[in-house]
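Here is my input, please return the structure:
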Amino acid sequence: MFDIKLQNGNEIILAGRFDASQTEKAYTVLNSINENCVVDFNGLDYISSAGLGVLIKTYSRLKESDRSIKLVNMSKHIKEVFKYSALDKVFLIE
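Okay, here's the model as predicted:
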């Protein structure tokens with residue numbers, strides 16, 4: 001199961017398993033963001049390459065408008081996924 005919520009206008013909360021079957025649900029929320037935002041990974045157990053692709057596309061879209069995306073509260077496992085894919089050099093991760 002995957003859940004994505006928008007709160008406070010620019011904070012996205014992720015929970016569950018973010019895989020290919022959830023990309024449309026994620027795009028629905030992420031495409032509504034047009035300002036600097038924070039993505040909270042605290043409840044996320046898993047992210048696939050499809051999930052990474054959604055975040056990369058969102059990052060690229062926001063960067064074109066001089067906006068940013070910050071990723072917070074990642075588990076050790078998910079941080080390693082970003083490190084192994086070199087995305088820790090692209091995203092601001094706290």
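
C-alpha from now on. contacts and neighbour counts both.
OK.

Could you list the buried residues of stretch 20-37?
Buried residues in stretch 20-37, counted by 16 or more other Cα atoms under 10 Å: Gln22, Thr23, Ala26, Tyr27, Leu30, Ile33, Asn36, Cys37.

Please read the previous query as pertaining to stretch 75-83.
Of the residues in stretch 75-83, Ile78, Lys79, Val81, Phe82 count as buried by neighbour count, 16+ other Cα under 10 Å.

circling back: so which of the buried residues of stretch 20-37 is the closest to Asp45?
Closest approach to Asp45 among the buried residues of stretch 20-37 (Cα to Cα): Gln22, at 13.7 Å.

From what I see, the closest one and Ala15 are in contact.
No - contact criterion Cα atoms under 8 Å: Gln22 and Ala15 do not qualify, at 11.5 Å.

can you list residues touching both of the two?
Phe2 (Cα atoms under 8 Å, 6 or more residues apart in numbering).

and the residue positioned nearest the centre of the chain, what helix or strand is that in?
Nearest residue to the geometric centre of the chain (Cα atoms, centre = their mean): Leu55, 4.6 Å. Using DSSP states H and E, Leu55 sits in helix 49-64.

Show me which parts of the longest strand along the chain are buried, residue by residue.
When the chain is parsed with DSSP state E, its longest strand is strand 37-47. Neighbour-count burial for strand 37-47, counted by 16+ other Cα under 10 Å, picks out Cys37, Val38, Val39, Asp40, Phe41, Gly43, Leu44, Asp45, Tyr46, Ile47.

Quick check: the last one vs Asp19, distance?
Relative to Asp19, Ile47 is positioned 6 Å away (Cα to Cα, to the nearest Å).

again, but for the second one
Distance from Val38 to Asp19, counting by Cα to Cα: 20 Å.

The fifth one now?
Separation of Phe41 from Asp19 (Cα to Cα): 14 Å.
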